[in-house]
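>>> sequence plus the predicted model coming up.
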Amino acid sequence: MNRSLAATRLFLMRCLAVMALVLVASVVQADIERFVGSYEGSADVVSADGSTRPRDMSVTIGTTQEGYTVSWTSTTYRPNGTAKEKSYSIEFVPSDRADVFASAMKRNVFGHSVQLDPMKGEPYVWSRIDGDTLSVYSLFVAEDGGYEIQQFNRTLTEGGLTLEYQSVRNGEIQRTVTTFLKKI
């Protein structure tokens with residue numbers, strides 16, 4: 001085979017690879033585009049002992065070059081009048097499985113986004129899109145080998161999202177929340 005033909009084939013293979021990446025990115029963008037926006041609302045968080053605490057919640061879902069981000073804030077109000085705010089933001093990229101996305105929470109030595117290591121006490125996080133529901137899962141492995149898994153289901157509804165949250169530790173439900181988050 002002459003060099004010119006080999007170079008042409010190599011060029012065509014590279015073009016096809018780039019086109020495939022663009023196609024995958026556009027499919028991801030089409031799936032997530034329905035969820036893109038900012039939402040907010042309030043709920044009472046129900047703990048394992050049956051007690052409740054008021055909480056304000058907001059979430060922003062946006063697109064990235066490769067996938068999407070989910071950023072959320074939760075403000076818990078204590079009986080003494082003080083408040084505690086927690087914010088998180090996670091980027092998700094396509095995995096080898098359809099509609100399942102890996103978190104890209106840190107960069108490795110080569111500059112590529114990688115997941116955290118649950119054996120080091122870091123959360124293992126992934127997401128999926130199933131119809132009108134965007135779910136985010138976080139798995140934590142405790143020092144003693146126990147676990148906690150948190151699941152956030154955000155389902156598209158008229159005017160916003162229905163949020164269903166559940167935290168399970170070693171098979172026992174710790175907290176649950178169900179509320180409507182209005183699109184702002």
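On my side now, so go ahead. Numbering: from 1, shown residues only.
>>> looks to me like residue 119 is in a helix.
Yes. Assigned with DSSP: H, G, I helix; E, B strand; the rest coil, residue 119 falls within a helix.
>>> pull the number of nearby residues for the residue lying closest to residue 165 once chain neighbours are set aside.
Distances taken as C-beta to C-beta, 6 or more residues apart in numbering put residue 177 closest to residue 165, at 4.2 Å, once the chain neighbours are dropped. For the C-beta atoms, the positions are set from N, CA and C on the backbone; glycine is no exception. Residue neighbour count, defined by other C-beta atoms under 10 Å, stands at 19 for residue 177.
>>> so residue 177 is in which element?
If you go by DSSP states H and E, residue 177 is part of strand 172-183.
>>> list the strands paired with that strand, with their directions.
Here strand 172-183 has these sheet partners by DSSP bridges: strand 37-47 (antiparallel), strand 160-169 (antiparallel).
>>> out of those, deepest packed?
Burial of the strands paired with strand 172-183 is given as mean neighbour count (mean count of other C-beta atoms under 10 Å); strand 160-169 ranks first at a mean of 18.
>>> export it as PDB, just CAs?
This file holds the C-alpha atoms of strand 160-169, laid out as PDB (Å, rounded to 0.1, in the frame of the first residue of the first chain):
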ATOM      1  CA  GLY A 160     -40.400  22.200  37.400                       C
ATOM      2  CA  LEU A 161     -39.100  19.000  38.900                       C
ATOM      3  CA  THR A 162     -40.300  16.500  41.600                       C
ATOM      4  CA  LEU A 163     -37.400  15.700  43.800                       C
ATOM      5  CA  GLU A 164     -37.400  12.400  45.700                       C
ATOM      6  CA  TYR A 165     -34.300  11.800  47.900                       C
ATOM      7  CA  GLN A 166     -33.500   8.800  50.100                       C
ATOM      8  CA  SER A 167     -30.400   8.000  52.200                       C
ATOM      9  CA  VAL A 168     -29.900   4.400  53.200                       C
ATOM     10  CA  ARG A 169     -27.100   3.300  55.600                       C
END
